[in-house]
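Engineer: sharing a sequence plus its predicted fold:
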Number of protein chains: 2
Amino acid sequence: MKKSIPKKTVQRLLLYYRSLNFLLQQGIKNISSKSLAGLMEIRDSQVRKDLSYFGHLGKRGAGYDVLELRDKIARILGIEQVKNVCIIGMGSLGSALAAYKGFAALGFKVRAVFDNASHKVGRKIRGYECRPMEAMEKIIRQEDIEIAVLTVPADAAQEIAVRLEKCGIKAILNFAPVKLSLSRRVKVSNVDLAMEIKTLSFFIK
Amino acid sequence: MKKSIPKKTVQRLLLYYRSLNFLLQQGIKNISSKSLAGLMEIRDSQVRKDLSYFGHLGKRGAGYDVLELRDKIARILGIEQVKNVCIIGMGSLGSALAAYKGFAALGFKVRAVFDNASHKVGRKIRGYECRPMEAMEKIIRQEDIEIAVLTVPADAAQEIAVRLEKCGIKAILNFAPVKLSLSRRVKVSNVDLAMEIKTLSFFIK
């Protein structure tokens, strides 16, 4: 099933998950596709289409059971599955991400943080002992880490990415402003903050 | 012309800009659309299509003059225009962004940083004096700030976004994991780090 779900749908499912959690917190137990669509500012036909990927969830006229739908979406997204993550590059962005609570909320556990600066290695940063780059492969295997968050300078990113692929990393969240060249086995998602703000400002009148 | 350029093209233009700068650093003065496409890992028909938005830039058979193309793209993107930015929310992410060199490289100048915590206000954070939230509107007008980077908790984001719209902010780079509800006059770009990593991990085998 995974392969057939478009990326955009997965992203919306995460928004559903958040919205449904919000409704539960408000004590709301039942919701129509129309109200859910209103909350998320999308069309209700889109809601019905998205949820149809996962079988018949709503009852005609009765709306969706919020808790049931939330739990179903959590299972589809694998929210309850903990995935081990490492962060490579303990500059200001890497350190901020080490402290970022949003990862834990979605089932990600930071198992190791790395840097090559001798004044950082061995020290605690945001509660994590900073490990040396030489030990990266060994620790990734030991700690069963599947996902790497890459916050190193642009000119170091490709070389490290190749090392990550070789030691079995399955996905890289890349903050370095370069396009990584890897095999298709490794999923890469790029977050380019400077480009985000530049694209945004281009469309300012 | 601005309105007719698709967002994806603007994003690719930024990649061209980076690639062309890289070529100049290597002393390469001339490049074919095919080589440029190879460097960026896109099709060369795409390169020709993208650049055709901006008039006839390449000469048939002679390729592109790297410097001329870089400067032309810089002008189109407005790289040389400095835009004033503020950062709202001096937690770990806001502080990391205040120190982020990528903004300055693309012509953004951080003119003010804000927080509502009394132990932060008045102190220097990453070289910037942290200002109180009450003074936000006044400072944004005084400093001619057009873009706000929003790194506040999710439950505070909408209220602050409304205040930003009222005082004339033109664009918001929103890191809070909520959908902001504003008029169309304000351009909003959402960066949801937890969602990025979750979407990525969903497609891991």
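Structural biologist: Nice, thanks for sending it over. None of these values were measured; they are calculated from a predicted model.

Engineer: quick check: the gap between A:N84 and chain B.
Structural biologist: Distance, A:N84 to chain B, using CB to the nearest CB, to the nearest Å: 11 Å. Where you see a C-beta, it was placed from the backbone N, CA and C, and this is true even at glycine.

Engineer: hang on, I meant A:I31
Structural biologist: Distance, A:I31 to chain B, using CB to the nearest CB: 17 Å.

Engineer: what of A:M136?
Structural biologist: 19 Å.

Engineer: show me what contacts that residue?
Structural biologist: A:86, A:88, A:114, A:160, A:163-164, A:167 (CB atoms under 8 Å, 6 or more residues apart in numbering or on different chains).

Engineer: could you look up the SS state of it?
Structural biologist: Using DSSP: H, G, I helix; E, B strand; the rest coil, the three-state assignment for A:M136 comes out as helix.

Engineer: next one: A:V149
Structural biologist: Looking at A:V149 with three-state DSSP, the answer is strand.

Engineer: now do the helices in chain A.
Structural biologist: Secondary structure of chain A (DSSP state H): helices located at A:7-25, A:33-40, A:44-52, A:66-77, A:92-98, A:101-105, A:136-142, A:154-166, A:193-202.

Engineer: rank the ones you listed by pLDDT, which is bottom?
Structural biologist: For the helices of chain A, mean pLDDT drops lowest on helix A:101-105, to a mean of 77.

Engineer: who's in contact with that one?
Structural biologist: A:85, A:97, A:109-110, B:177, B:193-194, B:197.

Engineer: try it again with 7 Å
Structural biologist: A:85, A:110, B:177, B:193-194, B:197 (CB atoms under 7 Å, 6 or more residues apart in numbering or on different chains).

Engineer: next: stretch A:75-90.
Structural biologist: Applying CB under 7 Å, 6+ apart, the contact partners of stretch A:75-90 are A:13-14, A:17, A:54, A:74, A:94, A:97-98, A:103, A:106-115, A:120, A:125, A:130, A:140, A:143-152, A:160, B:198, B:201-202.

Engineer: one more time with 6 Å, if that's ok
Structural biologist: Stretch A:75-90 has contacts (CB atoms under 6 Å, 6 or more residues apart in numbering or on different chains) with A:13, A:54, A:94, A:97-98, A:107-115, A:120, A:125, A:130, A:143-152, B:201.

Engineer: quick check: end-to-end length of that stretch?
Structural biologist: Stretch A:75-90 has an end-to-end distance of 33 Å (CA to CA, to the nearest Å).

Engineer: report how many residues lie close to the nearest residue to A:R18 once chain neighbours are set aside.
Structural biologist: Leaving aside its chain neighbours, A:R18 sits nearest to B:P177 (6.8 Å; criterion: CB to CB, 6 or more residues apart in numbering or on different chains). Using other CB atoms under 10 Å in any protein chain shown, B:P177 has 20 neighbouring residues.

Engineer: correct me, but B:P177 touches B:D192?
Structural biologist: Yes. Counting by CB atoms under 6 Å, B:D192 is a contact partner of B:P177 at 5.3 Å.

Engineer: got the domain boundaries for chain A?
Structural biologist: For chain A, automatic domain parsing gives the domain ranges A:2-76, A:83-198.
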